[in-house]
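> got a sequence here, can you build the structure:
(one chain, ligands or ions: 1)
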Amino acid sequence: MSKVLITGGTRGIGRELIEIFASNGFDIATCSRNEKDLNNLVKEIGVTFKNIDFFAYQCDVSKKNDIINFGENVLKNFGIPDLLINNAGIFIPGTISTETDNIFETHINTNIASAYHLTRILLPEMKKNKNGFIFNMCSTASITAYTGSASYCISKFAMLGFSKLLREELKPYGIKVCSVMPGATLTSSWEGTSLPIDRFINSKELADLMYSVYKNSNSMDVEELIIRPLKGDVNENNYNN
Ligand SMILES: NC(=O)c1ccc[n+]([C@@H]2O[C@H](COP(=O)([O-])OP(=O)(O)OC[C@H]3O[C@@H](n4cnc5c(N)ncnc54)[C@H](OP(=O)(O)O)[C@@H]3O)[C@@H](O)[C@H]2O)c1
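Next up, the predicted model:
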């Protein structure tokens, strides 16, 4: 049975990834901050997918000690993941000149430092297998300067840099790395939006695409996925496009 670790699995893209991997028989480890959401998730998975091992852990990935403890607990109580999906992330709008203090640090710690620390904990074990796969949740904000999403963009540019470096570093070990760069995807990140549903990527379609890339990568590494809503990019400056 293959094992997948997905950070931030209680909502949005992470929740859809759990659904597709669980329905294909994968054992799954996940984490999030909200204990009640995690307990509900454990119940839902237990009812629907009776034959998989599901490991849920409460932690705040933005805290270095928390994310390291999570990684160590995964190795001890769940096993070495065949697939790591660095998914957990936050989005708080703002501009460089007007963002309140700590917004920058919050984005950096949640969206990039968490992936760096967790990957470092798992890599020594994953390398021994000479096999494996890592998806890093980047964004079109990793390649486009969206004004109004300043610290988010900075953290996602950094995530793409991290992901590219990881790809180079892991070539000799047979571990594939893919940077996933979706545009606006309808999840709780967009709560309260007045935009119509058809301006967004469907999170189930995105999760299914990632599953397909994972399943169909034998002789190749899909290094980057750029996915945009059918009608094109959405940001605060072109809502009506
Ligand atoms: N939605 C989009 O338009 C879009 C586009 C491009 C890229 N992305 C990226 O895709 C990833 C998932 O986004 P999403 O829209 O699915 O987000 P979401 O619906 O807000 O879900 C985020 C998940 O991550 C968890 N999480 C957030 N901060 C955490 C923390 N500090 N510690 C532990 N868990 C944490 C949340 O649970 P708790 O809140 O309970 O912790 C939740 O399970 C993110 O990296 C995001 O930047 C999203």
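> now do the helices in the protein.
For the chain, applying DSSP state H gives helices covering 12-23, 35-48, 64-77, 103-108, 114-128, 150-170, 203-215.
> same for the third one, what does it pack against?
Packing partners of helix 64-77 (3 or more CB pairs under 8 Å, 6 or more residues apart in numbering; DSSP states H and E): strand 54-58, helix 114-128. All C-beta spots, glycine's among them, are computed from the backbone N, C-alpha and C.
> cool, and the second one?
For helix 35-48, the elements it packs on are helix 12-23, strand 27-32, strand 54-58, judged by 3+ CB pairs under 8 Å, 6+ apart.
> which stretch among the ones you listed comes nearest the ligand?
helix 12-23 (2.2 Å; CB to the nearest ligand atom).
> which other residues reach the closest one?
4, 6-9, 28, 30, 32, 41, 45, 48-49, 52, 54, 83, 85, 87-88, 137, 182, 185, 187-189, 203-204, 206-208, 210-211 (CB atoms under 8 Å, 6 or more residues apart in numbering).
> output the below-cut-off pLDDT ranges for the chain.
For the chain, applying pLDDT under 70 flags the ranges 1, 235-241.
> so which bits of it are right by the ligand?
Where proximity means CB under 6 Å from any ligand atom, the interface of the chain facing the ligand comprises 8-14, 31-34, 37, 60-62, 87-91, 110-111, 137, 139, 182, 184-185, 187-189.
> switch to 5 Å and redo it
8, 10-13, 32-34, 60-62, 87-90, 110, 137, 139, 182, 184-185, 187-189 (CB under 5 Å from any ligand atom).
> center of this structure - which residue?
residue 87 (1.2 Å; CA atoms, centre = their mean).
> my guess is that one contacts residue 5. True?
No - counting by CB atoms under 8 Å, residue 87 does not reach residue 5; the two are 9.6 Å apart.
> report how many residues lie close to residue 43.
Each residue near residue 43 was counted by other CB atoms under 10 Å, and the total is 10.
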